[in-house]
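1. I would like to see how this sequence folds:
(one chain, ligands or ions: 1)
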Amino acid sequence: MAVRILGTGRGIPKNYMTNDDMAKLVDTSDEWIKTRVGIEKRHIVETETTTSMAIEAAKEAMDNAGIKPEEIDLILLATVTNDKVVPNCSCQLQAELGMVNAIAIDINSACAGFVVALNTAIAYFKAGIYKTALIIGSETLSKIVDWTDRSTCVLFGDGSGAAVVRADDTAITDFVQGSDGTKGGALDRGTWGVVNPFVKDDAKVPGLYMDGQAVYKFAVKIVPKCIEELLERNNLDKSDIKYYIVHQANLRIIQTAVKRLGEPEEKFPVNVDRYGNTSSASIPILLDELNRDGKLERGDKIIFCGFGGGLSWAATLVTW
Ligand code: UT7
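-> Residues are numbered from 1 along each chain as shown. Model prediction:
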């Protein structure tokens, strides 16, 4: 059993900040950010929330797919920045959009989240349990970054992307994924602290910490490795793949993958320049842009690859 993507959508905050705007807050420059990461601007919420952006992306994706909310039987929403712990973001989405026949589950697998969610849907499809899923990545990273830390706050942005997928026997699908919790300290948000009758821990929750170089080294190895594994397992040549849609963390990571795989740059579409790193939302936002720009044709083979906090990674081969 394989998967077919029927439609895509996105929800993007109205406001954005340029690198010059960031330089008014921390000691940075347009030149440093562009050269080291490839970002020019990032969208940042004012009134939008992780849930409201997910609702916008989901509506667009269902509309694009020509699917009614009642037809969805599985909602998998990837986020590390949900608005509430309970109810989860996907249940709020289900209520808002009337997806009355769906189970609604949030997934936290950081920047690999959208691809992990897609792979989870594929596993459910293979088991014959569900057949039409809404997969979303939605993030408000601006609420967890430390706005005084120039080494992280300039990197991230807010946004949401969604795809409606359906079980389909006629398409090729395969995935690889993994985690290495021993390296989890490289990207860490700290704990909430405990308050109960025995403990009163009122420590302030620290902002996001990242050992950028450790994550960078991991990323430049894992992206080509996942792609090569998927190609080999499915007896495919690189020329069979139309696009590699990889997590948009840093333009240099993408350029290194281009070089290591010996593939043309055009096969690795990029939008990190306009959105920054939107974690689990980066891949579905990019997918939606390609779809709406008419760059995808039925039968095209695509490989998604997400990587990040955990550390975790996931890659999926799909037929458009
Ligand atoms: O989505 C989750 C996955 N995340 C990633 O994949 C991120 C992976 N890592 C990276 O993309 C890169 O490591 C970064 C973009 C985070 C950092 O780039 P880098 O080339 O590794 O820079 P660095 O951390 O080695 O810092 C180089 C210099 C330092 O100054 P000194 O010590 O050389 O004087 C930093 O203090 O750049 C300085 N620096 C900055 N300067 C201006 C760090 N942040 C900034 C800044 N503006 N915003």
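
2. what's the closest residue to the ligand within the stretch 101-250 of the chain in contact with, if anything?
-> The nearest approach of the stretch 101-250 of the chain to the ligand comes at Gly212, 2.8 Å away (Cβ to the nearest ligand atom). Bear in mind the C-beta positions are built from the backbone N, C-alpha and C, glycine included. Taking Cβ atoms under 8 Å, 6 or more residues apart in numbering, we find Gly212 in contact with Ser151, Thr152.

3. What average pLDDT does stretch 292-303 get?
-> In this model, stretch 292-303 carries a mean pLDDT of 96.

4. Tell me how far the top helix by length along the chain lies from the chain's centre.
-> Secondary structure of the chain read by DSSP state H shows that its longest helix is helix 212-233. Its chain's C-alpha centre and that of helix 212-233 lie 16 Å apart, by Cα atoms, centre = their mean, to the nearest Å.

5. anything in whatever helix or strand Ile285 lives in near the ligand?
-> Taking DSSP states H and E as the definition, Ile285 sits inside helix 282-292. No. Applying Cβ under 6 Å from any ligand atom, one finds helix 282-292 out of contact with the ligand, separated by at least 7.9 Å.

6. Which neighbouring elements make contact with that helix?
-> Contact analysis of helix 282-292 by 3 or more Cβ pairs under 8 Å, 6 or more residues apart in numbering; DSSP states H and E lists strand 2-11, helix 50-65, helix 113-126, strand 132-140, strand 158-168, strand 241-246, helix 272-275, strand 301-308 as its packing neighbours.

7. so which of the ones you listed is the most packed in?
-> Comparing the helices and strands packed on helix 282-292 by mean neighbour count (mean count of other Cβ atoms under 10 Å), strand 132-140 ranks first with a mean of 31.

8. Give the partner strands of that strand in its sheet and their orientations.
-> According to DSSP bridges, strand 132-140 has the following sheet partners: strand 74-78 (parallel), strand 158-168 (antiparallel).

9. averaged over its residues, what pLDDT does stretch 88-104 have?
-> In this model, stretch 88-104 carries a mean pLDDT of 97.

10. Could you list the buried residues of that stretch?
-> Neighbour counts using 16 or more other Cβ atoms under 10 Å place Asn88, Cys89, Ser90, Cys91, Gln92, Leu93, Gln94, Leu97, Met99, Ala102, Ile103, Ala104 of stretch 88-104 among the buried residues.
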